[in-house]
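[1] Here is a sequence with its predicted model. Questions after.
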Amino acid sequence: MQSLPVELLIEVLLGLYLGLLTGIVPAFVAGSLGFLVRYFTGVTLPGFGVVVLALSIASVQGGLLGLVEPTIAKSPQLLIAVLVVLMLALYAHNQGDKLGAELPRRLSFTRLRQRTLSADVVELVGSVGQVTVRPTGEIHDMEGYPPLSPDFRRTLKAGSWRLPADLPLSELASRLEERLRTEHDLADIDVTIDEQGRATIVAAPPSGSLSRRVSAGQRAVSIATLVPTGLARGDEATVRTGDRSITGRVLSARTEVDDERAAAAVPAEPVADEVATDGGEDDEVVAPASRANAATAGGPGRVTLAVARRDVKPVLEADSPRLVVRSRGTSREFEALALVKREGYAIRRFTVGATGADDETASAAAVTILAVRRQGSETSGRRHGWVFGPGIERRLEAGDEAFVAGPEDATEAFAEAIAR
């Protein structure tokens, strides 16, 4: 009689062992089926079906393992093993069903690349959302390039840039890279932006920037002259030397007024003996903004021009060269936009929201869809993929980017109705 509890305990342990050994495969099958059925159909697999399936698989597996013997079938081991198999199968089915309900549908690498900003950091300016991107952490040096100067590193660290908030993070990073590369003439730059609008910047300082801007067959020549106010890199200018006029492209310009302003913008060094009072705040050190293509203030200064090789000697031999800026004409794009605005029309760019595609038919009567970039693998987060009218055949869908034009009120109403 005293050995009965010991024998019962051994039977229970053997039943648990056999149940765990036999129930692994039924649990895996039940969990996989529960996930697949819920993910693709949205319907939960019935528990009775899970029980029947688990018992069927367990019986087949038990026969293959040689567990169905007279000594086992007539002992409590079989009952305990069956209970363990059913518990494992039902638990795995419940977890698979829960995973199928929570996992996002139509998940693709394109959607992962096209992540957007969090709604908490979007600022509404009129009807257009914008975000202020600021650097986070330190400004890192690009491998294979010289390190950044401390002044330029502080300039980037203190900078902030406003960008459209309806673009994917990859597009925002590309635009910020292009802006920083243009403003500071960087040799290379890599920017990563997270959902909170924080940018991680890896940059390389300008390397041979002047020589890269000189075209083949031209030479860079510097002259001291009276510089027109507003002269900037890229302007077309004419140097008049006596009876000759030599045309060149401005590579850089600097005047005495620019030097004075740059010296005044440098913050004074903090005095070590000064002690801040209780409750006081340290003075904020503002790094001077450095824009490589900023316009000059005008006045006496020096200008570097790219001229033809044959014109180098006449320019250098001139005693008092005069600089005249030539007109490059008016931008046709700006003229077209000015005409559209003058007639009371507006052009808007937006991204179609999840519920906006249903309202397109009712709201598109007074506007014209100019171009559409479809949401999908055809764009791959790049700037191509635009389809221009009248070749737009399909209706707008959620996630598509579009340009529309029409009367200003109708365009604003259309954008508010279907944009996200």
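    Thanks, I have the structure now.
[2] From Asp194, how far out is Leu251?
    When distance is defined by CB to CB, to the nearest Å, Leu251 is 37 Å away from Asp194. Where C-beta positions appear, they are placed from N, C-alpha and C, glycine not excepted.
[3] what do you get for Thr136?
    To Asp194, Thr136 is 8 Å away according to CB to CB.
[4] shared neighbours, those two?
    Residues touching both Thr136 and Asp194 (CB atoms under 8 Å, 6 or more residues apart in numbering) are Thr200.
[5] Neighbour count: Leu251 and Asp194, which is higher?
    Higher neighbour count among Leu251 and Asp194: Leu251, with 19 against 14, using other CB atoms under 10 Å.
[6] Doesn't that one belong to a helix?
    No: secondary structure assignment (DSSP: H, G, I helix; E, B strand; the rest coil) places Leu251 in strand, not in a helix.
[7] Distance of the residue nearest the centre of the chain relative to Met142?
    Centrality entry for the chain: nearest residue to the mean C-alpha point is Leu169, 1.6 Å, by CA atoms, centre = their mean. When CB to CB is applied, the distance between Leu169 and Met142 equals 21 Å.
[8] mind listing the helices for the stretch 1-150 of the chain?
    In the stretch 1-150 of the chain, the segments counted as helices under DSSP state H, counting those that start in this stretch are 3-41, 47-65, 70-73, 76-102, 109-113, 150-157.
[9] tell me the average confidence for the fifth one?
    Okay, so that is helix 109-113. Here the mean pLDDT over helix 109-113 is 53, rounded to a whole number.
[10] what do you get for the longest one?
    Looking at helix 3-41 alone, the average pLDDT works out to 84.
[11] Now do that helix and helix 47-65, the angle between them.
    Interaxial angle of helix 3-41 relative to helix 47-65 (axes from the mean of the first three to the mean of the last three CA atoms, to 10 degrees): 120 degrees.
[12] just how off-centre is the helix or strand hosting Ala338 within its chain?
    In this structure, Ala338 sits in helix 332-342 according to DSSP states H and E. Distance of helix 332-342 from its chain centroid, counting by CA atoms, centre = their mean, to the nearest Å, is 30 Å.
[13] And for stretch 240-256?
    41 Å.
[14] tell me which residues of that stretch are tucked away?
    When neighbours are counted by 16 or more other CB atoms under 10 Å, the buried residues of stretch 240-256 are found to be Thr241, Ile246, Gly248, Arg249, Val250, Leu251, Ser252, Ala253, Arg254, Thr255.
[15] How about stretch 148-166?
    Within stretch 148-166, the residues that count as buried by 16+ other CB under 10 Å are Leu148, Phe152, Arg153, Arg154, Thr155, Leu156, Gly159, Trp161, Leu163, Pro164, Ala165, Asp166.
[16] do stretch 180-199 as well
    By neighbour count on 16+ other CB under 10 Å, the buried set for stretch 180-199 is Leu180, Arg181, Glu183, His184, Asp185, Leu186, Ala187, Ile189, Val191, Ile193, Gly197, Ala199.
[17] who's the closest residue to Ser160 other than its chain neighbours bridged to?
    Among residues not flanking Ser160 along the chain, Arg134 sits closest, at 4.8 Å (CB to CB, 6 or more residues apart in numbering). The residues paired with Arg134 through beta bridges, assigned by DSSP bridges, are Arg198.
[18] Which pLDDT value does the model give Arg134?
    According to the model's per-residue confidence, Arg134 sits at a pLDDT of 88.
[19] Can you give me every residue that contacts Arg240?
    The contact partners of Arg240, by CB under 8 Å, 6+ apart, come to Ile246, Pro321, Arg322, Leu323, Val324.
[20] Right, I'll call it a day here.
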